[in-house]
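Peer 1: the sequence isn't on hand, but the structure is:
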């Protein structure tokens, strides 16, 4: 390590792994991008990726190849190599020379030379080196600054059939409806700013992945999706069956008069409850965003209580309709006091509706009831002071 870089770095412990990071990334908020970007707040995200990787690999019991495509200091890949029993080889890549120098020190410190390879390259050029059938990756992580859209085509071509791609997007304002024209230009879809904005964002991201994959007659199967204040993330299996995608692309219509929402194959222009005009978003992914069988595997393969709770909640909502509701928004519209999610879930159950909390919002819930039916139940709840 150069003297200048050495003076500005330190060993950092995360999980059960130590690796080198820039000192200023531990003291400045947000962390600076020079000499190398590292975000301590992404620990949970890295914990989740390791868990998803292990759960996916446990199905076959085979050791897998992993592409840390935009690796930075290599926190994800270094931890994965150190903390998973299913790693065959980790391929690190970053265009930043400082990142590769710091990464190599972490590899040496953890004695991982035999199971790692480091590349200094633009991400698309790096991925293009692995498009031959016998060199493709089992698992690819795309975690850029902003949108991952410019890397998806290369990633799909560098991934084995039935391999997994982890997509992270941090351009939330674009995907969540603040800049719908930019979203149309980047993702080929019009976004919409609603209470369930992050689910719309996820479904647009999945639509883009499905659309690009379909160019190669490949389908997609989302395994698990997750959002945070700063990012949208999807773990998706790329399959050799285009039928996995067919019938799962459509549009959403949202009525801002009565807050009804609908997902359909073609745009629904008027509300079927109050006849007002709907605002339209899409195309979007209309299929499941959680895979039940995979979630059961993940539940059986984790001892992390936070991840376990996340998977169990996702399992409960996995069969329910798209587009969750938010209790606070409903209370505000009805001009009644706020109430806990458990109250509405109880009322819905009593009225024979299906419902559950959602992992996408702390006061959100999914249900097969429409907004008219929900409002009726909550009005009765408010009147009876339950």
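Peer 2: On my side now, so go ahead. None of these values were measured; they are calculated from a predicted model. Numbering: from 1, shown residues only.

Peer 1: what are the ranges of the helices in the chain?
Peer 2: 3-7, 43-58, 75-83, 97-109, 123-128, 149-157, 172-175, 180-187, 197-214, 292-300, 305-317, 327-334, 341-350, 371-383 (DSSP state H).

Peer 1: the fourth one packs against which elements?
Peer 2: In terms of contacts (3 or more CB pairs under 8 Å, 6 or more residues apart in numbering; DSSP states H and E), helix 97-109 is packed against helix 3-7, strand 9-14, strand 17-22, helix 75-83, strand 116-119. No exception for glycine: its C-beta is placed from N, CA and C like everyone else's.

Peer 1: let me know the angle separating it from helix 75-83.
Peer 2: 10 degrees (axes from the mean of the first three to the mean of the last three CA atoms, to 10 degrees).

Peer 1: other residues contacting helix 97-109?
Peer 2: Helix 97-109 has contacts (CB atoms under 8 Å, 6 or more residues apart in numbering) with 1-2, 5, 9, 11, 18-22, 34-36, 71-74, 78, 92, 94, 113, 116, 118-120.

Peer 1: report the buried members of those residues.
Peer 2: The neighbour-count test (16 or more other CB atoms under 10 Å) marks 5, 9, 18-22, 35-36, 71-74, 78, 92, 94, 116, 118-119 as buried among those.

Peer 1: neighbours of residue 47, how many?
Peer 2: 18 (other CB atoms under 10 Å).

Peer 1: my read: it touches residue 304, true?
Peer 2: Yes. Because the distance of 6.4 Å satisfies CB atoms under 8 Å, residue 47 is recorded as touching residue 304.

Peer 1: remind me which residues of the stretch 1-150 of the chain are low pLDDT?
Peer 2: 1-6 (pLDDT under 70).

Peer 1: what's near enough to touch residue 31?
Peer 2: Counting by CB under 8 Å, 6+ apart, residue 31 has contacts 22, 24, 25, 37, 38, 39, 40.

Peer 1: now do 10 Å
Peer 2: Residues near residue 31 by CB atoms under 10 Å, 6 or more residues apart in numbering: 21, 22, 24, 25, 37, 38, 39, 40, 41, 42.

Peer 1: repeat for residue 362
Peer 2: Neighbour list for residue 362: 326, 327, 328, 341 [criterion: CB under 10 Å, 6+ apart].

Peer 1: which among those count as buried?
Peer 2: 326, 327, 341.

Peer 1: got those residues as CSV, with pLDDT columns?
Peer 2: Below are the buried ones among the contacts of residue 362 laid out as CSV (pLDDT from 0 to 100):
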residue, pLDDT
326, 96
327, 93
341, 93
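
Peer 1: format those residues as JSON lines; extra columns: distance to residue 64.
Peer 2: What follows is these, written out as JSON lines (distance: CB to CB, whole Å):
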{"residue": "326", "distance to residue 64": "38"}
{"residue": "327", "distance to residue 64": "41"}
{"residue": "341", "distance to residue 64": "38"}
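
Peer 1: so residue 34 touches residue 72, yeah?
Peer 2: No. Residue 34 lies out of contact with residue 72 (CB atoms under 10 Å); the separation is 11.7 Å.

Peer 1: find residues that contact each of the two.
Peer 2: Common contact partners of residue 34 and residue 72 (CB under 10 Å, 6+ apart): 22, 96, 98.

Peer 1: before we move on, back to that, so which of the helices of the chain comes closest to residue 268?
Peer 2: Among the helices of the chain, helix 371-383 comes nearest to residue 268, with 14.6 Å by CB to CB.

Peer 1: distance check, residue 380 against residue 260.
Peer 2: Relative to residue 260, residue 380 is positioned 19 Å away (criterion: CB to CB, to the nearest Å).

Peer 1: tell me what residue 142 is bridged to.
Peer 2: Residues in a beta bridge with residue 142, per DSSP bridges, are residue 167.

Peer 1: quick one, what contacts it?
Peer 2: Shown in contact with residue 142 (CB under 10 Å, 6+ apart): 67-70, 123, 127, 148-152, 154-155, 165-169.

Peer 1: quick one: residues contacting the most centrally placed residue in the chain.
Peer 2: Centroid-nearest residue in the chain: residue 233, 1.6 Å away (criterion: CA atoms, centre = their mean). Residue 233 makes contacts with 45, 48-49, 52, 143, 148, 166-170, 202, 205, 224-227, as judged by CB under 10 Å, 6+ apart.

Peer 1: can you rerun that using 6 Å?
Peer 2: The contact partners of residue 233, by CB atoms under 6 Å, 6 or more residues apart in numbering, come to 168, 226.

Peer 1: where in the stretch 251-386 of the chain is pLDDT low?
Peer 2: Within the stretch 251-386 of the chain, the ranges that satisfy pLDDT under 70 run 381-386.

Peer 1: can you give me the buried ones in stretch 124-132?
Peer 2: 126, 127, 130.

Peer 1: how about residue 219: what's its closest non-neighbour residue?
Peer 2: Leaving aside its sequence neighbours, residue 219 sits nearest to residue 244 (CB to CB, 6 or more residues apart in numbering; 3.0 Å).

Peer 1: residue contacts, residue 356?
Peer 2: Counting by CB under 6 Å, 6+ apart, residue 356 makes contact with 316, 317, 366.

Peer 1: separation between the closest residue in space to residue 338 that isn't next to it in sequence and residue 374?
Peer 2: Nearest non-adjacent residue to residue 338, counting by CB to CB, 6+ apart: residue 331, 4.7 Å away. Applying CB to CB, the value for residue 331 to residue 374 is 11 Å.

Peer 1: my guess is residue 213 meets residue 156, correct?
Peer 2: Yes. Judged on CB atoms under 6 Å, residue 213 makes contact with residue 156 at a distance of 5.4 Å.

Peer 1: so for those two, which sits in the more crowded spot?
Peer 2: Between residue 213 and residue 156, counted using other CB under 10 Å, residue 213 has the larger neighbour count: 25 against 22.

Peer 1: coming back round to it: can you list the shared contacts of residue 34 and residue 72 in CSV and add distance to residue 292?
Peer 2: Shown next, in CSV, are the shared contacts of residue 34 and residue 72 (distance: CB to CB, whole Å):
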residue, distance to residue 292
22, 41
96, 40
98, 43
